[in-house]
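**Student:** Fold the following, please.
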Amino acid sequence: MSLRKYDREVAIVLAIVIIILMVAGSVAVAEYSEPSIHNVTYDELTDVVGIGPIKANRILSYLETNKEAVIDDLDDINGIGDILIERLEKEFR
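**Tutor:** Sure thing, here's the model as predicted:
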């Protein structure tokens, strides 16, 4: 086998390995990235039964000022109780 042919084969195998590693890394990030309530939009909130425009705005305002808040903390908001917390957990966890 000539050196040139060997180099070409090694380059192809190396390229395949790199592609596999890139794809595997992307899948791992996608599978293990936990959704965050902080990424929720107004439209997504208003799609949840029991959350209208006023509650959606309250939630978004609360999340803006409480960067470390988790879904369970939203019960600090007037009008948000256990039932809505459960619905939000179902939708956004």
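**Student:** So which residues of the protein form helices?
**Tutor:** 3-32, 42-46, 53-65, 82-92 (DSSP state H).
**Student:** ok, of these, where does mean pLDDT dip lowest?
**Tutor:** Per-stretch mean pLDDT for the helices of the chain is lowest at helix 3-32 (a mean of 72).
**Student:** ok, back up a step: reformat the helices of the chain as TSV; add mean neighbour count and distance to D72.
**Tutor:** C-betas here are computed from N, CA, C, even on glycine. Formatted as TSV, these follow (neighbours: other Cβ atoms under 10 Å; distance: least, Cβ to Cβ, whole Å):
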stretch	mean neighbour count	distance to D72
helix 3-32	10	21
helix 42-46	14	16
helix 53-65	14	13
helix 82-92	14	6
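**Student:** can the ones you listed go into CSV with extra columns for distance to D73?
**Tutor:** Shown next, in CSV, are the helices of the chain (distance: least, Cβ to Cβ, whole Å):
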stretch, distance to D73
helix 3-32, 23
helix 42-46, 15
helix 53-65, 8
helix 82-92, 9
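**Student:** Out of those helices, flag the one nearest D76.
**Tutor:** Checking the helices of the chain against D76 by Cβ to Cβ gives helix 53-65 as the closest, at 7.1 Å.
**Student:** Can you name the residues in contact with that closest one?
**Tutor:** The contact list for helix 53-65 (Cβ atoms under 8 Å, 6 or more residues apart in numbering) reads 37-38, 40, 42, 45-46, 51, 69, 74, 76-80, 84.
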